[in-house]
Structure formats: C-alpha cells, structure tokens
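Visitor: A structural model of the following input is requested.
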Amino acid sequence: MPVGDALQVPAEPPFGDGLQAPAEPPVGDGLPVPAEPPGRELLRDKTVVITAAAGTGIGCAVARRCMAEGARVLISDIHERRLGETADALAEEFGMRPATALCNVTEEGEVQGLLDVAVAEMGHVDVMINNAGLGGTANLVDMTDEQWHAVLDVTLNGTMRATRAALRHMMPRRSGVIVNNASVMGWRAQPGQCHYAAAKAGVMALTRCAAMEAAGAGVRVNCVAPSLAMHPFLAKVSSQEFLDDLVSLEAFDRAAEPWEVANVMVFLASDYSTYMTGEVVSVSSQHP
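Guide: All right, here's what the predicted structure looks like:
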C-alpha cells in the first residue's frame, strides 16, 4: 500500500499467460551456450534510449532484447553507417525500425540533443541505457595523457553526461530508470588496464551516488559489471591468446554471449527490479 505522500508502491507485474520456461541446456564438457529465451513483454510500452548501440556488441544486443520485450527503442551511436545498418537489421527482425540519433558522448551538446530527439520521437524516456565505452591496453609507465583522457572521457565522463541528461528529464516526471554498463575491471586488477579499470570503477561510484540523489524522485539507477562478452568486433581487435586467457578465468569456461548481459540490463530496466537502486550487478563469476 502507498506509504505517506511520497513514492507509491508500483503495481506488481503480471504473470505470463501459459509461457513455459526454456529448456535447460545440457551440461557437459565445454558447457554449450544456452538458447536465447523468448521475449515476455517485460518492457511493454516502455520507451528506451541506448547509447553505443551500433554493431555487434552489448549495445546492439540490449536493443534487440528491449524490442523483443515490447519496448519502443531509440538507438544511438557515433558511427552513422553502422547505426543505419543496425537499425535496418532490427527492422527486418522485428518489423519495426527503431528511431536513431547520432551522438558523441564526449560532447555535452550532442548528449542533450540525444534526449531532445528521444522526446520528439517517443514523447518521453522511460529507460536510459548507457553503454558507450572505450578500451585500450597500455602500461601506466608508458601511457600518455591523451590515452588516459580518451578512455576516461568516453567511458566515465560520457556515462556521467548521459546520466545527468536523463535525470534532468526523469526527475521532474518522478519516473524513470537508468542502467549503466560498468565492468568487472572496476573490481579486478589487470596489467595494462589502469585507465579502463579506473573509468569503470568510476561508473560504479557514479551509479551509486546518482541513485541516492534520484531516489526521492522515484528514479532508479543501477549498473551491470560484465566480465567477457564475445562478439565479432572484440575478436577482430584482440589477439586469440589474450581472449583465451580471459576465457580461462570464467567459471563456465566460455565467454558470455552479448544477449546474456543484455538480459540482466533488461531486468534492471523492468518493473521486476523496482526495489533495486544504486546496485552493481556482476554478470559473471568474477566478483571478488
């Protein structure tokens, strides 16, 4: 029942109608990738904005999962051609083309412009998913200021700009959810990753503090911390030896599929997580 004159208890989400759980995957040597589950309308009638959603990584996967769950989606990226190709692929799969907007998260004007386009296209924003990030490998003694700033400006500052813009839209409406993409590197030490690990640890701290500021307005802010999600672009820019070393750390002896990370982001965006805010959810076996 509602408490006081502040935030009301949200309605309990409905049970599915006759939906069966997907069959459990076989367990054996190598642990095969389980089947991707069907959509269950967890985001029915929600409007969702996703940054860095072009291509084959987590951003595109979460766009697919949001559309499969009934959301209206706007995808954003800095790469115009890849953004268009991603939108076309989603349109072919779902029969509806998502809205698109170019956005460089290192530019404040473009981030605000992204929210303006989203409001113009969809009326309001229920969910903001901040996926933009930049990696790299360099030992600190060899790292230049430019390398440090490039990673921090996209990964941490870009998440801050997008979170800030979303809060300015959501808090007056007293409704909304923000889901940020962090990494187990925010907890874990690895050579050559000082800039990336610092940025992702910053995303975790940003998430926790922003959540406390927004809680009184009924806005939730959480983030996921994946370990290794395999997709073609990562395979293209990484050596097989490096990827094999990362896979060896995983309990299931394989990398995650991007949709496995996206599913957790959808959960955090949905009404099934209404009592969670300021949380960092590890999508891996790598929490220390």
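
Visitor: how about the helices in the protein?
Guide: Listed in chain order, the helices of the chain (DSSP state H) span 58-68, 80-94, 108-122, 145-152, 158-173, 194-214, 232-237, 240-247, 258-269.

Visitor: Could you name the helices and strands sitting against the fourth one?
Guide: Contacts of helix 145-152 with other secondary structure elements, assessed using 3 or more CB pairs under 8 Å, 6 or more residues apart in numbering; DSSP states H and E, are made with helix 194-214. C-beta coordinates here come from the backbone N, C-alpha and C atoms, glycine included.

Visitor: From the contact counts, what lies against the helix it packs on?
Guide: Checking 3+ CB pairs under 8 Å, 6+ apart, helix 194-214 ends up next to helix 145-152, helix 158-173, strand 176-181, strand 219-226, strand 280-283.

Visitor: And the helices of the chain: which comes nearest residue 225?
Guide: Using CB to CB as the measure, helix 194-214 is the one of the helices of the chain that comes nearest residue 225, at 7.1 Å.

Visitor: CA-only coordinates of the closest one in CSV, if you can.
Guide: Presented in CSV, the C-alpha positions along helix 194-214 are these (Å, rounded to 0.1, in the frame of the first residue of the first chain):
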residue,chain,number,x,y,z
CYS,A,194,44.7,1.3,-15.4
HIS,A,195,42.7,3.8,-17.5
TYR,A,196,39.9,1.4,-18.3
ALA,A,197,39.6,0.0,-14.8
ALA,A,198,39.6,3.5,-13.2
ALA,A,199,36.9,4.6,-15.6
LYS,A,200,34.7,1.5,-14.9
ALA,A,201,35.2,1.9,-11.1
GLY,A,202,34.1,5.5,-11.6
VAL,A,203,31.0,4.3,-13.4
MET,A,204,30.1,2.1,-10.4
ALA,A,205,30.6,5.0,-7.9
LEU,A,206,28.7,7.4,-10.2
THR,A,207,25.8,4.9,-10.3
ARG,A,208,25.7,4.5,-6.5
CYS,A,209,25.8,8.3,-5.8
ALA,A,210,23.4,9.3,-8.6
ALA,A,211,20.9,6.6,-7.3
MET,A,212,20.8,8.2,-3.9
GLU,A,213,20.2,11.7,-5.4
ALA,A,214,17.4,10.4,-7.6
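
Visitor: now the angle between helix 158-173 and that helix, please.
Guide: 10 degrees (axes from the mean of the first three to the mean of the last three CA atoms, to 10 degrees).

Visitor: Give the buried residues for helix 194-214.
Guide: The neighbour-count criterion (16 or more other CB atoms under 10 Å) identifies 194-204, 206-208, 210-211, 214 as the buried residues of helix 194-214.

Visitor: was I right about residue 229 contacting residue 265?
Guide: No - here residue 229 lies out of contact with residue 265, judged by CB atoms under 8 Å, at a distance of 11.4 Å.

Visitor: which of those two has more neighbours?
Guide: Taking other CB atoms under 10 Å, residue 229 and residue 265 do not tie; residue 265 has more neighbours (29 against 20).

Visitor: doesn't residue 62 make contact with that one?
Guide: Yes - here residue 265 reaches residue 62: they are 5.0 Å apart, a contact under CB under 8 Å.

Visitor: Count the residues that sit near residue 185.
Guide: Using other CB under 10 Å, residue 185 has 20 neighbouring residues.

Visitor: residues contacting residue 256?
Guide: 226, 227, 228, 229, 230, 283, 284 (CB atoms under 8 Å, 6 or more residues apart in numbering).

Visitor: didn't the second one look like it was pressed against residue 285?
Guide: This means residue 227. Yes - between residue 227 and residue 285 there is a contact at 7.5 Å, judged by CB under 8 Å.
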